[in-house]
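Participant: no sequence on hand, only this structure:
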């Protein structure tokens, strides 16, 4: 075995956990062909095959399963030891991989990016801005910004701001031509501009609150989009009624470009959280980012 066995083992674990050379290569910052060569050379030095490869899948051999079982805790302990030593660094450094809902990015991340870089110039933030709800750890992310209602199990969640609420809005022209809905059920007689969660087949059903409970309305209309702000643009053009977070809509409402509707049925709910896996030792760069976000969280 050569001195780079640690890297070979980490490459093997990445492929085994991802079940894919391409996904593991992306996680490690390598090309799939380079990763394949590393694994092939590793198997040759061991004199045993660790992975079954086909054109569509990767599976562990019996030897591979046994090796993975033994080295996972060893690598975890090594990472913890290195992270512990890293606490002695005066200037945290490294990459922090972040997954962030779009509205959460605009509200809690974008305003602090420049100041964070000035405070920690050696930390690189790799941020994916996406409204898809996915497994944080499986995606290779260190930390996420999401709604409290969708935080995964075994995650630490820290609330960042105040409550939020969604409201229905339309342009003054639309209201003049079609009138106001008096109850959420009246929306069934209106042109509604719908939004689809990325990765979902069906559009989002609008949620309202009355008599102590939430209920959904499956609205309909001339347009379904996957970008919220494009839905709002269509509402500004008078195409129909839109439904979105009040904080985002408030400047347009205050300017008279949109009219709020059904506000008595729009109740607040807990807003955004920063979440991350429970871990015994946290990398200094990740700790610095989480602490910075919490210290600068928008409270309103």
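Facilitator: Yep, it's here. In this text, all values refer to a predicted model and were calculated from it rather than measured experimentally. Numbering: from 1, shown residues only.
Participant: does residue 251 sit in a helix, a strand or a coil?
Facilitator: Secondary structure, DSSP: H, G, I helix; E, B strand; the rest coil: residue 251 is helix.
Participant: from the contact counts, what lies against the helix-or-strand element of the chain with minimal mean pLDDT?
Facilitator: Least confident element among the helices and strands of the chain, by mean pLDDT, DSSP states H and E: helix 62-86 (a mean of 81). With contacts taken as 3 or more Cβ pairs under 8 Å, 6 or more residues apart in numbering; DSSP states H and E, helix 62-86 sits against helix 5-18. All C-beta spots, glycine's among them, are computed from the backbone N, C-alpha and C.
Participant: what's the first helix or strand after the least confident helix or strand of the chain?
Facilitator: As assigned by DSSP states H and E, the chain's next helix or strand after helix 62-86 is strand 94-100.
Participant: that older thread, quick one, the least confident helix or strand of the chain and helix 5-18 angle?
Facilitator: 120 degrees (axes from the mean of the first three to the mean of the last three Cα atoms, to 10 degrees).
Participant: which residues sit against helix 62-86?
Facilitator: With Cβ atoms under 8 Å, 6 or more residues apart in numbering as the test, helix 62-86 has contacts from 6, 9-10, 12-13, 16, 48-51, 60, 92, 280-284.
Participant: rerun that using 10 Å as the cut-off
Facilitator: 6, 9-10, 12-13, 15-17, 43, 46, 48-52, 58-61, 92-94, 279-287 (Cβ atoms under 10 Å, 6 or more residues apart in numbering).
Participant: now the buried members of those.
Facilitator: 9-10, 12-13, 15-17, 43, 50-51, 58, 60, 92, 94, 281-287 (16 or more other Cβ atoms under 10 Å).
Participant: what's the domain layout of this structure?
Facilitator: With automatic domain parsing as the criterion, the domains of the chain are listed as 5-76, 94-162+271-295, 166-265.
Participant: measure the last one end to end?
Facilitator: If I follow you right, that is domain 166-265. In domain 166-265, first residue to last residue: 10 Å (Cα to Cα, to the nearest Å).
Participant: relative orientation of the least confident helix or strand of the chain and strand 94-100 in degrees?
Facilitator: Here helix 62-86 points in a direction 110 degrees away from that of strand 94-100 (the same axes, to 10 degrees).
Participant: report the contact partners of residue 19.
Facilitator: Counted by Cβ under 10 Å, 6+ apart, residue 19 has contacts 51, 57-60.
Participant: among those residues, which two are most distant?
Facilitator: Farthest-apart pair in these is 57 and 60; separation 11.1 Å (Cβ to Cβ).
Participant: returning to that earlier point: ok, so of the contacts of residue 19, who is nearest residue 172?
Facilitator: When these are compared against residue 172 (criterion: Cβ to Cβ), the nearest one is residue 57, at 56.6 Å.
Participant: not counting sequence-adjacent ones, nearest residue to the closest one?
Facilitator: Spatially, and ignoring its direct neighbours in sequence, residue 57 is nearest to residue 19 (6.9 Å; Cβ to Cβ, 6 or more residues apart in numbering).
Participant: pLDDT at the one you found, what is it?
Facilitator: According to the prediction, residue 19 has pLDDT 86.
Participant: quick one, phi/psi of it?
Facilitator: phi 70, psi 20 (degrees, to the nearest 10).
Participant: so what's the gap between stretch 173-190 and the chain middle?
Facilitator: With Cα atoms, centre = their mean, to the nearest Å as the basis, stretch 173-190 stands 34 Å off its chain's centre.
Participant: what's in contact with it?
Facilitator: Residues contacting stretch 173-190 (Cβ under 10 Å, 6+ apart): 168-171, 191-192, 206-210, 215-221, 235-243, 258-259, 261-262, 264-266.
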